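Engineer: Based on what follows, work out the 3D shape:
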Amino acid sequence: MLGFDTSDDCAVWRINEDQAVVLTLDFFTPVVDDPYEFGAIAAANSISDVYAMGATPIAALNILAFPKYLGDDVANEVLRGGADQITACNAFVVGTQIVEDPEPKYGMAVIGVAHPDKVKRNEGARLGDVLIYTKPLGMGIMHSAFLAGLETRESMSQVVESMIELNKMGAEAIGDLNVHAATDVTGFGLAGHLHEMLESSGTAAIVYWDALPMFERVYQYSQDGCRPGKVYDVIEWSRSFVPKGTMDEMTYDDRMGVLCDPQTSGGLLISLPKEEAETYLQEFKKRAGRDAVVIGEIFDGPAGKIFIK
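Structural biologist: Purely as a prediction, here's the structure:
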């Protein structure tokens, strides 16, 4: 049903009329010092793609590259963090591949299942839909601030908790709602992943700047230039589909710093009819204990364009 020729989150293989297998793979280098937290974040990031496709995870395979000098205890903590996340999904770790590598890396190949008619893609957003996002933005910027000594481990706890949080609640809140398109937000930031959704759907979007959920101090750090290096590459790419409009160049750049910030284990971005938005928000809060946010709307404009309001 779906391969690697699109920007969707997973490959999808139809088994029969009622079942499709959803396949994904992701791994990366540590984003935190604690090995258990690193394992949990990497696993949540890998599993997220399955949830973004409207599927249920059933099994995962560990992928671990690890230097011998860190020892078995550290490696075991990484794997334990991943295993606990899979267990929280009512799924199973069914294998592990380990290679020696001077730089640690960890992630998972995850297998999920879905009814072929229930698979969500990052195309299909319709005119009049609203856009909902389920996690705060600014994970990359906050990590840069931590590395610069501007944040402490204690003040970063909310960011770590957000990265560890599974997108299970966001996916389950969809239920029988008519979600037209969905994706998760990761390395290309909100702007990049929204652009992919809009371009494939043949639509444009307005994003409400004042509605965007952010971690505290994220916008200030963006204004101060405390950003990950990748932000600047994503901004350069995004300039062609995020018009500056009436903003001055400084304001535009500051806002793009947030919109293009790479997210690690970011939230779900969904497009659904306006009249169903409140139901989704209530269902999400019931499951997650916090709010998701309406951040914009779909309209009939140049395909792939994002207008900041």
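
Engineer: quick one: the strands in this protein?
Structural biologist: Per DSSP state E, the chain carries strands over the ranges 11-14, 20-28, 56-66, 92-100, 105-114, 129-133, 181-184, 204-207, 268-273, 293-299, 306-308.

Engineer: Quick check: buried residues in the first one?
Structural biologist: Of the residues in strand 11-14, those with enough neighbours to count as buried (16 or more other Cβ atoms under 10 Å) are Ala11, Val12. In short, each C-beta sits where N, CA and C put it, glycine included.

Engineer: re earlier: just say which of the strands of the chain is most tucked in.
Structural biologist: When the strands of the chain are scored by mean count of other Cβ atoms under 10 Å, the highest mean neighbour count falls to strand 181-184 (a mean of 26).

Engineer: That strand: how far from the chain's middle?
Structural biologist: 9 Å (Cα atoms, centre = their mean, to the nearest Å).

Engineer: Averaged pLDDT, it. What do you get?
Structural biologist: In this model, strand 181-184 has a mean pLDDT of 96.

Engineer: go on, stretch 55-62?
Structural biologist: For stretch 55-62, the per-residue pLDDT averages 98.

Engineer: now do stretch 139-159
Structural biologist: Mean predicted confidence for stretch 139-159 is 97.

Engineer: can you check stretch 246-259 too?
Structural biologist: The pLDDT scores in stretch 246-259 average 98.

Engineer: Then stretch 72-90?
Structural biologist: 98.

Engineer: So which bits of that stretch are buried?
Structural biologist: Under 16+ other Cβ under 10 Å, the buried positions of stretch 72-90 are Val74, Ala75, Glu77, Val78, Leu79, Gly81, Gly82, Ala83, Gln85, Ile86, Cys89.

Engineer: Contacts only, for Phe146.
Structural biologist: Thr152, Arg153, Met156 (Cβ atoms under 8 Å, 6 or more residues apart in numbering).

Engineer: I'd like to know how far it sits from Thr29.
Structural biologist: Remark: distance between Phe146 and Thr29 (Cβ to Cβ, to the nearest Å) = 15 Å.

Engineer: do the same with Asn45
Structural biologist: Asn45 is 12 Å from Thr29, by Cβ to Cβ.

Engineer: neighbour-wise, which of these two wins?
Structural biologist: Asn45 (26 against 13; other Cβ atoms under 10 Å).

Engineer: per-residue confidence at the more buried one?
Structural biologist: Looking at Asn45, the pLDDT reads 97.

Engineer: from memory it sits against Gly267, does it?
Structural biologist: No. With contacts counted by Cβ atoms under 8 Å, Asn45 stays clear of Gly267, the gap being 11.6 Å.
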